[in-house]
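Asker: Prediction below, plus the sequence it came from.
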Amino acid sequence: MKPPKGNKVATSRRLALEILRRVEAEGAFATLSINHSLRRNPGLSPQDRALVTELVYGTLRWRRRLDYALKAYSHRPLDKIEPVLLRILRISAYQLLFLDRVPVWAAADQGTELAVMMRGRRAGGFVNGVLRSLARHREQIDWPASDSDQVRALAVMHSFPNWMVEWWLNTFGKEKAVNLMEACNKPPPLWVRANSLRITSEGLCSMLAATAHEAQEIKEVPGAVKLRGIGDISKLAAHQAGLFHVQDAAAQAVCHLLDPRPGDKVLDACGAPGGKTATIAQLMQDQGEIVSVDIHPARVVLVKQLLNRLGISCVQRHAHDLNESAPADWGSFDRVLLDAPCSSIGVLRRHPESKWRLAPNDLQRLSQIQRELLDNVSKMVKPGGSLVYSVCTFSQEEGSDLIKTWLGNHPEFELSDPREGKRQPWHKLLDREGMLATWPDKHDMDAFFAARVARKT
């Protein structure tokens, strides 16, 4: 999308508009689309790269609140506004309402110029009128009051669908629900795992500190390091040397729950893009055998690329649909990890577009898929072996309710409480029944549920 000669629209805003189009019109993922656009525009300054990311994520996170504000100053109903113009209005409203560092005039003028570029002067006049009105009155917006409709008020102010807010209120109560919404609307931290085959987490932190980067270990998840102030992470020498890979601390805790040992034979079902495969291999000291499986061949390639960078050699990679029978030559496994497809509600702060794609009936639909996958992969667990089921969500339909129902139908398995063995730091992340439960508001990690079950001998 090239601007006409003399156009005054900043490249960062044009890229943000195009990324939002791909996300909303084509169903693309925001993270992948942002990364793709930034790779194709290597000349962007660090400031412009940061602004592209901020505009896309911010507009997606706060879409409902932005629409509420825009509706008050548009003479056209929002559903009657052409999609490209509505996206321009949202991007501009986000800057007006949330970004103090962007001058009011810049947000309004750039939105107007962008509308002119895309749809002509008349469209520019409409967008200009809405944005000027919003800019003048943004401190006097009549936001909905909770005393008349608590669900709607919270949904607008925190920018969530009504059904999700109502569900969280009924499940957790108001305080926890609000804490969750606030946490999900914050940018997530950058967690990485030190490649224990090459360096300790302490050594990684010291190396990064020597280059003026902030890195912090946490006690709860050995090997997990939180980074701050990092730009393009792929340019770090430590990344290029394969000293770490990006992985949320909660996902690392799932691998600790699996408890793989050197010499084990492990199946990582739904293994791409390879973060958990890599962590499992490190916990095994790259000794033994891991079979990493994903249904998509292109994603299996990503696993290979990651393992090569980290210097891991004990992994076999396969593209296979685990809803079908596994090849006979795979045999059975000491340990199986099923990181199942799920609603991904636990990673909304990383994928805010999911808020607007999910529907209430998706939870039941996904739980059926998860049960079928559990049925299939559990057949490959050796007697005396164990299976970890994990999902990046906190819905009971996909988590504790599912695993308890499944165990009731599979008497050959029993819940395995890891606290029965040696005390480990990550045990602090377990609930009363010994199942993993992490939260963005409590732990500053993604929300994961995981349970370990053992096959009886």
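Answerer: Received, thanks. This structure is a prediction, so every number in the text was calculated from the model and none was measured.
Asker: wait, isn't V165 in contact with A177?
Answerer: Yes - counting by CB atoms under 8 Å, V165 touches A177, with 6.9 Å between them. Every residue, glycine included, has its C-beta placed from N, CA and C.
Asker: Are there residues contacting both of the two? Which ones?
Answerer: L154 (CB atoms under 8 Å, 6 or more residues apart in numbering).
Asker: Remind me what the one helix or strand A450 maps to packs against, helices and strands.
Answerer: A450 belongs to strand 449-455 when assigned by DSSP states H and E. Judged by 3 or more CB pairs under 8 Å, 6 or more residues apart in numbering; DSSP states H and E, strand 449-455 is in contact with helix 249-258, strand 381-391, helix 400-409, strand 413-415, strand 436-437.
Asker: For it, what is the distance to the chain centroid?
Answerer: 23 Å (CA atoms, centre = their mean, to the nearest Å).
Asker: Need the contact partners of it.
Answerer: 253-254, 257-259, 346, 378, 381-391, 393-394, 398-400, 403, 407, 412-416, 418, 434-437.
Asker: Give the ChimeraX command for selecting the buried subset of the residues you listed.
Answerer: The buried residues among the contacts of strand 449-455 can be selected in ChimeraX (16 or more other CB atoms under 10 Å) with this line:
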select :253,254,257,258,259,346,378,381,385,386,387,388,389,390,391,393,394,398,399,400,403,407,413,416,418,434,435,436,437
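Asker: Need the helices and strands packed on strand 449-455 in JSON lines (columns: mean pLDDT).
Answerer: Shown next, in JSON lines, are the helices and strands packed on strand 449-455 (pLDDT from 0 to 100):
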{"stretch": "helix 249-258", "mean pLDDT": "98"}
{"stretch": "strand 381-391", "mean pLDDT": "98"}
{"stretch": "helix 400-409", "mean pLDDT": "97"}
{"stretch": "strand 413-415", "mean pLDDT": "97"}
{"stretch": "strand 436-437", "mean pLDDT": "98"}
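Asker: will you turn those into CSV that also has distance to A155?
Answerer: Converted to CSV, the helices and strands packed on strand 449-455 look like this (distance: least, CB to CB, whole Å):
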stretch, distance to A155
helix 249-258, 26
strand 381-391, 24
helix 400-409, 25
strand 413-415, 36
strand 436-437, 25
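Asker: just checking, D321 touches I295?
Answerer: Yes - contact criterion CB under 8 Å: D321 and I295 qualify, at 4.9 Å.
Asker: what about the two, which has more around it?
Answerer: I295 (16 against 12; other CB atoms under 10 Å).
Asker: ok now do the more buried one, which residues does it touch?
Answerer: 270, 319-322.
Asker: Out of those residues, list just those in strands.
Answerer: Using DSSP state E, the subset of these located in strands is A319.
Asker: hmm, which two among the contacts of I295 are most spread apart?
Answerer: Greatest spatial distance in those: C270 and A319, 11.9 Å, computed using CB to CB.
Asker: Common neighbours of these two, please.
Answerer: Shared contacts of C270 and A319, counting by CB under 8 Å, 6+ apart, come down to 293-295.
Asker: Report the residue spans of the stretch 301-450 of the chain with pLDDT below the cut-off.
Answerer: The model of the stretch 301-450 of the chain has no residue with pLDDT under 70.
Asker: how about the helices in it?
Answerer: Secondary structure of the stretch 301-450 of the chain by DSSP state H, counting those that start in this stretch: the helices cover 361-378, 400-409, 440-443.
Asker: Make JSON lines out of those helices and add distance to H36.
Answerer: Converted to JSON lines, those look like this (distance: least, CB to CB, whole Å):
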{"stretch": "helix 361-378", "distance to H36": "26"}
{"stretch": "helix 400-409", "distance to H36": "34"}
{"stretch": "helix 440-443", "distance to H36": "26"}
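Asker: Need the winner for burial among these.
Answerer: helix 440-443 (a mean of 19; mean count of other CB atoms under 10 Å).
Asker: Identify the residues contacting that helix?
Answerer: Against helix 440-443 from outside (CB under 8 Å, 6+ apart): 176, 179-180, 182-184, 186, 188, 220, 249-250, 346, 349, 429, 446-447.
Asker: Can you select the buried ones from those residues in PyMOL?
Answerer: Buried members of these can be picked out in PyMOL with the line below, counting by 16+ other CB under 10 Å:
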select buried, resi 179+180+183+184+188+220+249+250+346+349+429+446+447
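Asker: Kindly indicate which of the contacts of helix 440-443 lies nearest L366.
Answerer: Nearest to L366 among the contacts of helix 440-443, with distances taken as CB to CB, is G346, at 13.0 Å.
Asker: Now that that closest one has come up, it's in contact with F448, right?
Answerer: Yes - contact between G346 and F448 holds when scored by CB under 8 Å: they sit 5.9 Å apart.
Asker: what residues do those two have in common as contacts?
Answerer: Joint contacts of G346 and F448 (CB under 8 Å, 6+ apart) are 250, 391-392, 438.
Asker: Which residue ranges of the chain form strands?
Answerer: Under DSSP E, the chain gives strands at 190-194, 214-217, 224-228, 244-246, 265-269, 289-294, 315-319, 333-339, 381-391, 413-415, 436-437, 449-455.
Asker: Using a markdown table, lay out those together with distance to L366.
Answerer: Conversion of those to a markdown table gives the following (distance: least, CB to CB, whole Å):
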| stretch | distance to L366 |
| --- | --- |
| strand 190-194 | 25 |
| strand 214-217 | 34 |
| strand 224-228 | 27 |
| strand 244-246 | 25 |
| strand 265-269 | 16 |
| strand 289-294 | 18 |
| strand 315-319 | 22 |
| strand 333-339 | 13 |
| strand 381-391 | 9 |
| strand 413-415 | 21 |
| strand 436-437 | 18 |
| strand 449-455 | 13 |
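Asker: closest one to R63 among the ones you listed?
Answerer: That would be strand 190-194 among these, by CB to CB, at 24.1 Å.
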